[in-house]
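[1] what shape does this take:
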Amino acid sequence: MKKIAPLESLFHKLGDLRTTPRKGVVMVVMRAAGCITGDGEVDGLTQNLDLVLKRLTENARGEVYRLHTLDYAFLLNETEAGAREFIPNLRVALFKIMSRLGAGQGKADGDGLILEHYKLETSFADAAKLVIGYIKAARELKNASNGQGQRLLTQQDLKAVIDAYRELGSAKFLQTYARGQKICVTPEKGPIKSKMTEYFISIDLLSKPFFEGVNLKASGDRFVELTKILDSIMLNSFETLSKAVKGQPISINLNIPSIFSKAFDNFIARTPPEIMRTVVVEFTQEDVVLNYDGYAIARDHLRSKGAQIAIDQISPSAIGLVNIDFLEAQMAKLHWQEDAEDELYDKQEFIDKLRRLGIRPVLSRVDQERARDVGADLGIEMYQGFLIDSMIKQAKAVA
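    Numbers count the residues shown, from 1 in each chain. Alright, predicted model coming up:
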């Protein structure tokens with residue numbers, strides 16, 4: 001029976017594939033940690049999954065690798081009949097295992113399972129980047145366990161954040177740990193004009209009281225769990241935030257898995273249309289691509305209440321790779337990066353197309369004058385970043 005090979009073996013295998021034909025070869029990534037609710041379920045699920053995954057991979061004539069405790073990668077060739085049925089069989093296998101174990105508080109429906117699919121002929125660089133990320137995290141984890149680095153997130157750390165929110169209440173928690181950053185129009189003549197404010201709970205502000213000495217980047221699934229907790233807090237606190245800004249436009253960020261939470265359902269139910277029409281909800285381009293079905297559910301919920309959608313974290317090199325019009329978004333946030341000028345100028349036609357379709361391009365991470373100059377040259381009107389924050393302060397000082 002096939003063995004589950006270590007992460008390093010996958011890294012070397014991708015190195016070999018870099019110089020060989022890759023037509024039909026796919027990498028499937030499975031993250032199952034979100035299906036469980038307690039540390040006590042990990043060992044049982046891992047042992048049962050390992051046996052089943054080895055059998056499924058052998059039937060598909062593929063290879064299986066362990067990325068992390070409950071994260072796996074599979075190399076398959078889609079020309080094999082077993083490979084074509086692999087993902088459906090994977091879902092059924094997980095369903096049966098969780099039903100038998102009673103894992104996930106009895107939710108044996110695979111809720112929380114994440115599956116990603118990379119065609120190596122066209123998406124080799126993305127697949128390699130993911131594997132390298134796991135390699136780096138594993139090295140950081142090893143250093144931490146050897147006493148050479150910081151400790152990892154614990155369940156007690158997450159509980160401390162939840163307890164602080166309950167103790168402080170929404171208003172005080174947001175006042176202490178949330179930040180706001182303006183998204184503005186900067187006309188050639190006249191003062192800078194604020195269009196909305198993006199609000200987010202700051203990891204930096206949380207770090208000292210809750211995560212001092214914690215290596216968040218190496219904390220893997222627990223860090224993902226933390227982001228879900230912060231999403232829930234923001235959603236549960238939205239009514240408080242909305243009252244504080246007195247009807248001013250608000251932008252918030254969400255992870256796709258958070259839309260299946262009770263907090264999201266309550267947010268939809270509690271927020272009246274007149275308030276929702278002032279809201280922009282941002283989803284990252286990567287999250288949308290990897291979980292389009294979940295995104296579509298969220299988008300339809302939000303648009304039915306009048307909210308707008310922004311696709312965030314679009315790097316200059318990725319502009320145009322995803323059809324923003326198909327996603328039915330109203331805003332596209334293009335991230336300024338060092339040496340991004342040529343990429344942005346090369347995508348001038350796409351940026352013009354966004355405007356013609358009624359989708360507002362926003363240049364974010366604008367921390368230097370050159371970014372603002374390039375954006376203006378491309379006809380971009382909306383900006384966000386530290387430079388914009390400084391311009392707002394200067395305008396207030398003059399007034």
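
[2] dump stretch 78-95 to CSV, keeping only the CA atoms.
    Taking only C-alpha atoms (Å, rounded to 0.1, in the frame of the first residue of the first chain), the coordinates of stretch 78-95 have been written out as CSV:
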residue,chain,number,x,y,z
GLU,A,78,-6.3,13.2,-14.6
THR,A,79,-6.1,10.6,-17.4
GLU,A,80,-6.5,7.9,-14.7
ALA,A,81,-10.2,7.0,-14.1
GLY,A,82,-9.5,6.8,-10.3
ALA,A,83,-8.1,10.3,-10.4
ARG,A,84,-11.2,11.7,-11.9
GLU,A,85,-13.3,10.3,-9.1
PHE,A,86,-10.8,11.1,-6.4
ILE,A,87,-12.3,14.3,-4.9
PRO,A,88,-15.8,12.9,-4.6
ASN,A,89,-14.4,9.8,-3.0
LEU,A,90,-12.4,11.9,-0.7
ARG,A,91,-15.5,13.7,0.6
VAL,A,92,-17.4,10.5,1.1
ALA,A,93,-14.5,8.9,3.0
LEU,A,94,-14.2,11.9,5.4
PHE,A,95,-18.0,11.8,5.9
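
[3] I'd say residue 118 and residue 125 touch.
    No: under the criterion of C-beta atoms under 8 Å, residue 118 lies out of contact with residue 125, with a separation of 9.7 Å. To be clear about C-beta, it is placed using only N, CA and C from the backbone, and glycine gets the same treatment.

[4] neighbour count winner among the two?
    Per other C-beta atoms under 10 Å, whichever of residue 118 and residue 125 has more neighbours is residue 118, with 20 against 11.

[5] which secondary structure elements does the strand or helix carrying that one contact?
    Under the assignment given by DSSP states H and E, the secondary-structure element containing residue 118 is strand 114-119. Of the remaining helices and strands, those touching strand 114-119 by 3 or more C-beta pairs under 8 Å, 6 or more residues apart in numbering; DSSP states H and E are strand 25-31, helix 86-101, helix 120-145.

[6] list the buried residues in the helix or strand immediately after the shortest one in the chain.
    Pointing back at strand 25-31 there. Under the assignment DSSP H and E, the closest C-terminal helix or strand after strand 25-31 is helix 42-59. The neighbour-count criterion (16 or more other C-beta atoms under 10 Å) identifies 42, 44-45, 48-49, 52-53, 56-57, 59 as the buried residues of helix 42-59.

[7] cool, and stretch 162-174?
    When burial is assessed from 16+ other C-beta under 10 Å, stretch 162-174 yields the following buried residues: 164-165, 170, 173-174.

[8] show me the shaky parts of the stretch 51-200 of the chain.
    Scanning the stretch 51-200 of the chain with the threshold set as pLDDT under 70 gives 101-112, 140-150.

[9] quick one: the helices in the stretch 101-250 of the chain?
    Along the stretch 101-250 of the chain, counting by DSSP state H, counting those that start in this stretch, helices occupy 120-145, 155-177, 203-210, 221-236, 238-245.

[10] from residue 256, how far out is residue 228?
    Here residue 228 is placed at a distance of 11 Å from residue 256 (C-beta to C-beta, to the nearest Å).

[11] same question for residue 396.
    When distance is defined by C-beta to C-beta, residue 396 is 37 Å away from residue 256.

[12] just residue 73 next, same as before
    Residue 73 sits at a distance of 20 Å from residue 256 (criterion: C-beta to C-beta).

[13] check whether residue 381 really touches residue 184, as I assumed.
    No: with contact defined as C-beta under 8 Å, residue 381 does not count as touching residue 184 (9.4 Å).

[14] which of the two has more neighbours?
    When residue 381 is set against residue 184 and neighbours are counted by other C-beta under 10 Å, the residue ahead is residue 184, at 25 against 17.

[15] and that one, what does it touch?
    192-195, 382-384, 388, 391-392 (C-beta atoms under 8 Å, 6 or more residues apart in numbering).

[16] and of these, the nearest to residue 360?
    Set against residue 360, the nearest of the contacts of residue 184 by C-beta to C-beta is residue 382 (6.0 Å).

[17] hang on, the earlier thing: and the buried ones among the contacts of residue 184, selectable in PyMOL?
    This is the PyMOL syntax for the buried subset of these, where burial follows 16+ other C-beta under 10 Å:
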select buried, resi 192+195+382+383+384+388+391+392
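
[18] and the contacts of residue 184, which of them are in strands?
    Mapping the contacts of residue 184 onto strands (DSSP state E) picks out 193-195, 382-383.

[19] out of those residues, who's nearest residue 88?
    Distances from residue 88 to the ones in strands among the contacts of residue 184, taken as C-beta to C-beta, are shortest for residue 382 (43.0 Å).

[20] so how far is residue 115 from the closest residue to that closest one other than its chain neighbours?
    With C-beta to C-beta, 6 or more residues apart in numbering as the measure, residue 362 is the residue that lies nearest to residue 382, at 4.3 Å, once sequence neighbours are left out. In this view, residue 362 and residue 115 are 31 Å apart by C-beta to C-beta.

[21] so between the two, which is more surrounded?
    Between residue 362 and residue 115, counted using other C-beta under 10 Å, residue 362 has the larger neighbour count: 27 against 15.

[22] for the helix or strand containing the more buried one, give me every contacting residue.
    Taking DSSP H and E as the criterion, the element that holds residue 362 is strand 360-364. With C-beta under 8 Å, 6+ apart as the contact definition, strand 360-364 has outside contacts at 183, 310, 312, 330-336, 351, 354-355, 371-372, 375, 380-385.
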